[in-house]
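S.K.: only geometry, no sequence info:
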């Protein structure tokens, strides 16, 4: 067993080149022309360092194997484009997409940056996924030795014995966890080594989880039969917590049974932090976010490096380096890996991408965020809203920054409010972190929802798609937050419209059915990729219950045609999905607010005025309602509509 490789892995040192390499002129000219034609400032987009630059066709995949791309010929689901750019180290080809909410609060911000948070990869040995491939691998591993169930069980036992022996010799803690324990990462963080130069495995946690396990038996004719156990049985998984000098704290979860399935978890913020430290870029970190005093523009461009071939190559290298040298060696030593041609293929499984807005004033941020929640929660049908209470008020002014390059604040103590929308395996969240930072985050619990392939080299278009989701989400939230009505909206919506040669009925929000449809359309506006008529009908059922039990997808399609006639929604090209235009969200939200929050409360108070002693404390909105009710009652009496 290679102890030194397990503790340190293959040395990964920043290489300083003697002289910068020459950038290919035709490619550079083509890049500049693209930037000029697209209206971007090409000079501001280029950041050239002293290190050599590499083009995308020199991207080194090292020894990483990828899944065949079964989705290669499919069109992209949400309007994203394939990753065709090229970049070298320090060159970033595009700027982050702007969104309506960030533009609205731009004057109140200290800075803004986008970053990948969590990356979870699945690793598979392709030959081990089928019985024929698994048997072929076994014959390469142990030529002439027949395969039976006892040998498979012995391999799992050897994995455990070797691991415990090495952990005891190297003084690495091995901790057993209960089934379903979700605190494994927090427990490992408490064991992080204090030595800043440490690199290697520092903790191993063991827990049971489902895994692919082959069962070997002989049939009546004496022939070997391999069967997958279904459902997958619960077997011991070993969580290797590793400290890497480039990626920081990463976790590799490996099954002890062949074909040794693996799952790798990394954090993009830690990668950006170490890149910034290496390039002497100023950063201040609080938990898992950068705070005031950081160079946000430089950090934002560093974070975009993961979309470039070189950043993707670094990700592939670090995964391969630790999986083979620190984990798989307990099941198969290096000669056995080479003899049996055991190689992992990697695919993306879960991703998190965030846009972070740092406000100048924490109390002002809290007012804006709480006002946004109050005005949009009912419209967007936010069912998950929780507040984690802290112990002190937010800072009213920005902190004075010192001369240090980095700073880490460990324990945030402010109230945290989480605004969450769930669409299947896609989760959109807004929450505040620390004193002055507001984070907008999209979580993909299974990248199959993106419908653009899963293999690792598909990561750049996946991240572009997540960025577009955040922009569209904030557009819908901002439209609902700042809804308005023009002078003719109430008159134009009920009138008929014409699309081509088809005459369509108007949108009459006085009817209960159209009111329910309008509420459901506004609630579905943030859904990534749009929604179908069936999803509209389902949301109407969820919101209205038995009152509209007969509302189905056919009626939903008819109502959507009426809304298209009013230019409120549009159809996603070449799909059966619809998306709501920001102007349409503003109009529908404004009408719903006018009906539910103005007309109904005021008229109810005029018809049934409250008598008796007023309450001791009255909310500011209730004071406005009381004044409106008094003036409305006087107006109705003047018009002889009230006694």
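M.R.: Okay, I see it. Since the model is a prediction, treat every value here as computed from it, not as a measurement.

S.K.: residue 427 is in contact with residue 440, isn't it?
M.R.: No. Counting by C-beta atoms under 8 Å, residue 440 is not a contact partner of residue 427; they are 11.9 Å apart. C-beta coordinates here come from the backbone N, C-alpha and C atoms, glycine included.

S.K.: between the two, point out the one with more neighbours.
M.R.: Between residue 427 and residue 440, residue 440 has the larger neighbour count (other C-beta atoms under 10 Å), namely 23 against 16.

S.K.: give me the mean pLDDT for the helix or strand where residue 537 lies.
M.R.: Element membership of residue 537, judged by DSSP states H and E, is helix 533-544. Here helix 533-544 scores 92 as its mean pLDDT.

S.K.: return the distance of that helix from the chain's centre.
M.R.: Chain-centre distance of helix 533-544: 26 Å, with C-alpha atoms, centre = their mean, to the nearest Å.

S.K.: show me what counts as buried in it.
M.R.: Neighbour-count burial for helix 533-544, counted by 16 or more other C-beta atoms under 10 Å, picks out 533, 535, 536, 537, 538, 539, 540, 541, 544.

S.K.: and those as JSON lines, adding distance to residue 444?
M.R.: As requested, these are exported to JSON lines (distance: C-beta to C-beta, whole Å):
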{"residue": "533", "distance to residue 444": "25"}
{"residue": "535", "distance to residue 444": "18"}
{"residue": "536", "distance to residue 444": "23"}
{"residue": "537", "distance to residue 444": "26"}
{"residue": "538", "distance to residue 444": "21"}
{"residue": "539", "distance to residue 444": "21"}
{"residue": "540", "distance to residue 444": "27"}
{"residue": "541", "distance to residue 444": "26"}
{"residue": "544", "distance to residue 444": "30"}
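
S.K.: so what does the helix holding residue 537 touch, helix or strand wise?
M.R.: helix 512-524, helix 553-565 (3 or more C-beta pairs under 8 Å, 6 or more residues apart in numbering; DSSP states H and E).

S.K.: who are the packing partners of the first one?
M.R.: Which is helix 512-524. Packed against helix 512-524 by the contact rule (3+ C-beta pairs under 8 Å, 6+ apart) you find helix 533-544, helix 553-565, strand 578-580, helix 582-593.

S.K.: quick one: contacts of the third one?
M.R.: Defining contact as C-beta atoms under 8 Å, 6 or more residues apart in numbering, one finds that strand 578-580 is touched by 472, 476, 521-522, 524-525, 529-533, 536, 560, 564, 568-572, 588.

S.K.: try stretch 597-607
M.R.: For stretch 597-607, contacts defined as C-beta under 8 Å, 6+ apart pick out 625, 626, 628, 629, 632, 633, 636, 642.

S.K.: now that stretch: mean pLDDT?
M.R.: For stretch 597-607, mean pLDDT is 71.

S.K.: closest one of the contacts of stretch 597-607 to residue 262?
M.R.: Taking C-beta to C-beta as the measure, residue 625 is the one of the contacts of stretch 597-607 closest to residue 262, at 60.2 Å.

S.K.: in which helix or strand would I find the closest residue to that closest one other than its chain neighbours?
M.R.: Excluding its sequence neighbours, the residue lying closest to residue 625 (C-beta to C-beta, 6 or more residues apart in numbering) is residue 601, at 5.6 Å. Per DSSP H and E: residue 601 is located in helix 600-607.

S.K.: try residue 315
M.R.: Counting by DSSP H and E, residue 315 is found in helix 309-322.

S.K.: next secondary structure after that helix?
M.R.: Heading C-terminal from helix 309-322, the first helix or strand you meet, by DSSP H and E, is helix 334-340.

S.K.: from the contact counts, what lies against that next one?
M.R.: So helix 334-340, by 3+ C-beta pairs under 8 Å, 6+ apart, packs with helix 131-141.

S.K.: could you check the angle the helix or strand that the helix it packs on is followed by makes with helix 131-141?
M.R.: Heading C-terminal from helix 131-141, the first helix or strand you meet, by DSSP H and E, is helix 149-170. Taking axes from the mean of the first three to the mean of the last three C-alpha atoms, to 10 degrees, one finds helix 149-170 and helix 131-141 inclined to each other by 60 degrees.

S.K.: what comes up buried for helix 149-170?
M.R.: Across helix 149-170, burial judged by 16+ other C-beta under 10 Å covers 152, 155, 156, 159, 160, 163, 166, 167.

S.K.: looking at it, the last one is touching residue 173, isn't it?
M.R.: Right, residue 167. Yes. With contacts counted by C-beta under 8 Å, residue 167 reaches residue 173, the gap being 7.4 Å.

S.K.: check the contact lists of these two and give me the overlap.
M.R.: Overlap of the contact sets of residue 167 and residue 173 (by C-beta under 8 Å, 6+ apart) consists of residue 204.

S.K.: residue contacts, residue 364?
M.R.: Going by C-beta under 8 Å, 6+ apart, residue 364 touches residue 108.

S.K.: check residue 255 too.
M.R.: Residue 255 makes contact with 209, 211, 212, 235, 236, 237, 261, 262, according to C-beta under 8 Å, 6+ apart.

S.K.: packing partners for the host helix or strand of residue 216?
M.R.: Secondary structure assignment for residue 216, by DSSP H and E: strand 214-218. Here strand 214-218 touches helix 149-170, strand 224-228, going by 3+ C-beta pairs under 8 Å, 6+ apart.

S.K.: thinking residue 174 is in contact with residue 163, fair?
M.R.: Yes. Between residue 174 and residue 163 there is a contact under C-beta under 8 Å: 7.5 Å.

S.K.: just to revisit the earlier point, now distance to residue 294 too, for the helices and strands packed on strand 214-218, in CSV please.
M.R.: Below are the helices and strands packed on strand 214-218 laid out as CSV (distance: least, C-beta to C-beta, whole Å):
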stretch, distance to residue 294
helix 149-170, 37
strand 224-228, 49
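
S.K.: correct me, but residue 489 touches residue 590?
M.R.: Yes. At 7.5 Å, residue 489 and residue 590 qualify as touching, with contact defined as C-beta under 8 Å.

S.K.: common neighbours of those two, please.
M.R.: Residues touching both residue 489 and residue 590 by C-beta under 8 Å, 6+ apart: none at all.

S.K.: follow-up on the earlier one: gap between the helix or strand just after the helix holding residue 601 and the chain center?
M.R.: Using DSSP H and E, the helix or strand that follows helix 600-607 in sequence is helix 620-638. Per C-alpha atoms, centre = their mean, the displacement of helix 620-638 from the mean C-alpha position of its chain is 46 Å.

S.K.: can you count the residues close to residue 332?
M.R.: 20.

S.K.: spatially nearest residue to it (excluding sequence neighbours)?
M.R.: In this structure, residue 332 finds its nearest non-sequential neighbour in residue 342, 6.0 Å apart by C-beta to C-beta, 6+ apart.

S.K.: how about residue 510?
M.R.: Spatial nearest neighbour of residue 510, chain neighbours left out: residue 494 (8.0 Å); criterion: C-beta to C-beta, 6+ apart.

S.K.: what's near enough to touch the one you found?
M.R.: Applying C-beta under 8 Å, 6+ apart to residue 494 gives the contacts 506, 507, 508, 509, 510.

S.K.: quick one, domains of the protein?
M.R.: Domain ranges of the chain: 3-13+120-265+309-346, 489-595, 609-643, per automatic domain parsing.

S.K.: now render those domains as TSV, adding distance to residue 375.
M.R.: Below are the domains of the chain laid out as TSV (distance: least, C-beta to C-beta, whole Å):
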stretch	distance to residue 375
domain 3-13+120-265+309-346	34
domain 489-595	8
domain 609-643	11
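
S.K.: partners of whichever strand or helix holds residue 114 in the sheet?
M.R.: Following DSSP H and E, one finds residue 114 within strand 109-124. If you go by DSSP bridges, strand 109-124 pairs up with strand 262-267 (antiparallel), strand 345-359 (antiparallel).

S.K.: to residue 556, which of those lies closest?
M.R.: Ranking the strands paired with strand 109-124 by proximity to residue 556 (C-beta to C-beta) places strand 345-359 first, at 30.9 Å.

S.K.: I'd like the next helix or strand past that closest one.
M.R.: Using DSSP H and E, the helix or strand that follows strand 345-359 towards the C-terminus is helix 362-376.
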